[in-house]
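*Asks:* Turn this into a structure:
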Amino acid sequence: LAHPAIVTHLKKIGVSAVELMPITAWMDERHLQPLKLTNAWGYNPVTFMALDPRLCPGGVAELRDTVTALHNAGIGVILDLVFNHTAESDMGGPTLSLRGLDDKAYYRRKGRKLVNDTGTGNTVACDHPVVARMVLDTLRHFVRHAGVDGFRFDLAPILGRDKNGFNRDAPLFKAMREHAATR
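*Replies:* Numbers count the residues shown, from 1 in each chain. Here you go, the predicted model:
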């Protein structure tokens, strides 16, 4: 993406910003392998900050250099992030990251069952203070270390969910607004 020919082409066609689909570590949903299918979209994250080496083998330095090259050409960069679920899926899914750290803190539950507001088997508990902090830390990470200009959130209403449904005044939204105001 940072190659001079690509940047020149983007400028030539009038691009002022690009959105990078999820580039954090992800894996295929487990139902795809028996069908001999793969997921090339990146919307099934294993974690939130680690870049997928298939897409960004140079890690955050490569992303930072790409963002810098685009900025030098007057092109902004928006990063698509998935905070609504993880590749750990439902109770039959693998233990990869958050489930192993603290399953009950990181995922929404109703009794012993995982809440599935996302259609993927689990819903990240963005109303839990530990999760909210991780989301904010992730946003700060990509701004500070890669220089991205903004974010697009996959299934964004999950960021405002609590036990009563969607809360437009959710503490996470308030913290995002406060942090953005101090930039």
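
*Asks:* okay, CA-based contacts and neighbour counts for the rest of this
*Replies:* Will do.

*Asks:* could I get the helix or strand containing Phe142 in PDB with only the CA atoms?
*Replies:* Per DSSP states H and E, Phe142 falls inside helix 129-146. Output of helix 129-146 as PDB, limited to C-alpha atoms (Å, rounded to 0.1, in the frame of the first residue of the first chain):
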ATOM      1  CA  PRO A 129     -14.100  -2.100  33.100                       C
ATOM      2  CA  VAL A 130     -11.300  -4.400  32.100                       C
ATOM      3  CA  VAL A 131     -12.600  -4.800  28.500                       C
ATOM      4  CA  ALA A 132     -13.300  -1.100  28.200                       C
ATOM      5  CA  ARG A 133      -9.800  -0.300  29.200                       C
ATOM      6  CA  MET A 134      -8.400  -2.800  26.700                       C
ATOM      7  CA  VAL A 135     -10.500  -1.200  23.900                       C
ATOM      8  CA  LEU A 136      -9.200   2.300  24.900                       C
ATOM      9  CA  ASP A 137      -5.600   0.900  25.100                       C
ATOM     10  CA  THR A 138      -6.000  -0.600  21.600                       C
ATOM     11  CA  LEU A 139      -7.200   2.700  20.200                       C
ATOM     12  CA  ARG A 140      -4.300   4.600  21.900                       C
ATOM     13  CA  HIS A 141      -1.800   2.000  20.600                       C
ATOM     14  CA  PHE A 142      -2.800   2.400  17.000                       C
ATOM     15  CA  VAL A 143      -2.800   6.200  17.200                       C
ATOM     16  CA  ARG A 144       0.400   6.600  19.200                       C
ATOM     17  CA  HIS A 145       2.500   3.800  17.500                       C
ATOM     18  CA  ALA A 146       1.100   3.800  13.900                       C
END
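
*Asks:* for that helix, packing partners?
*Replies:* Contacts defined by 3 or more Cα pairs under 8 Å, 6 or more residues apart in numbering; DSSP states H and E place helix 129-146 against helix 59-72, helix 98-106, helix 171-181.

*Asks:* Show the average pLDDT along the last one.
*Replies:* The pLDDT scores in helix 171-181 average 89.

*Asks:* what does the second one give?
*Replies:* Here helix 98-106 scores 93 as its mean pLDDT.

*Asks:* buried residues in that helix?
*Replies:* Leu98, Arg99, Ala105, Tyr106 (16 or more other Cα atoms under 10 Å).

*Asks:* so the second one makes contact with Tyr106?
*Replies:* Yes - shown here, Arg99 and Tyr106 form a contact pair, counting by Cα atoms under 8 Å, at 7.2 Å.

*Asks:* Quick one: residues contacting the residue nearest the centre of the chain.
*Replies:* By Cα atoms, centre = their mean, the chain has its centre lying nearest to Leu81, at 2.3 Å. The contact partners of Leu81, taken as Cα atoms under 8 Å, 6 or more residues apart in numbering, are Met21, Pro22, Thr24, Phe48, Phe151, Arg152, Phe153, Asp154.
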